[in-house]
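Quick one: sequence and predicted model below, then my questions.
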Amino acid sequence: MDKKQADKKREFARFISKSEPGPGDGGRTGSWRVARPVIDLEKCIPAKKGRPACFKCWAFCPDGVVTKTVPPEIDYEYCKGCGICASECPVCAITMMAETDFAKKKAG
Ligand code: SF4
Ligand code: SF4
């Protein structure tokens with residue numbers, strides 16, 4: 001590969017996008033989410049151990065709305081309720097709660 005081709009390749013490489021989700025990429029959830037993930041901190045590994053661990057929910061959330069903190073937190077402004085985090089959690093610490101049940105619980 002000559003220098004010109006190498007430069008071209010380098011230039012091209014710069015523009016290859018790395019698809020990383022960011023909060024809000026899909027827009028605010030609004031009122032259409034039908035279920036919300038709720039983390040049980042009694043089961044969540046980092047919450048139990050008090051140190052960074054696991055974070056599969058953070059890694060798999062397609063909208064990047066789970067924090068990589070102890071304990072992890074979910075931004076419900078943007079969470080669309082897909083349930084991937086609940087499916088990926090190795091200790092079943094995340095439950096998908098119907099929004100209607102959540103609203104009833106909130107209302108008391
Ligand atoms: S995947 Fe489950 S155990 Fe792991 S950090 Fe998330 S909620 Fe906690
Ligand atoms: S339900 Fe989907 S969008 Fe919401 S936190 Fe879990 S993986 Fe992310």
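That came through fine. Ligands and ions are numbered 1, 2, ... in the order given.

And the pLDDT for A13?
pLDDT, A13: 61.

E20 too?
Reading off the model, E20 has pLDDT 64.

near ligand 2, which residues of this protein show up?
For the chain, the residues found near ligand 2 under the criterion CB under 6 Å from any ligand atom are 37, 61, 63, 65-66, 74, 79-85. For the C-beta atoms, the positions are set from N, CA and C on the backbone; glycine is no exception.

Using pLDDT, spot the least trustworthy of the residues you listed.
When the residues of the chain next to ligand 2 are sorted by pLDDT, the bottom entry is D63 at 88.

doesn't Y78 make contact with that residue?
Yes - with contacts defined as CB atoms under 8 Å, D63 counts as touching Y78 at a distance of 5.7 Å.

that older thread, can you tell me which of the residues of the chain next to ligand 2 lies nearest to K104?
Closest approach to K104 among the residues of the chain next to ligand 2 (CB to CB): G81, at 16.8 Å.

tally of neighbours for E42?
Neighbour count for E42, taken as other CB atoms under 10 Å: 8.

and what of P62?
P62 has 12 neighbours, counted by other CB under 10 Å.

so which strand or helix has it?
Using DSSP states H and E, P62 maps to neither a helix nor a strand.

What distance do you get for it to C85?
Distance, P62 to C85, using CB to CB, to the nearest Å: 9 Å.

I'd like to know which of the residues of the chain next to ligand 2 are buried.
37, 61, 63, 65-66, 74, 79-82, 84-85 (16 or more other CB atoms under 10 Å).
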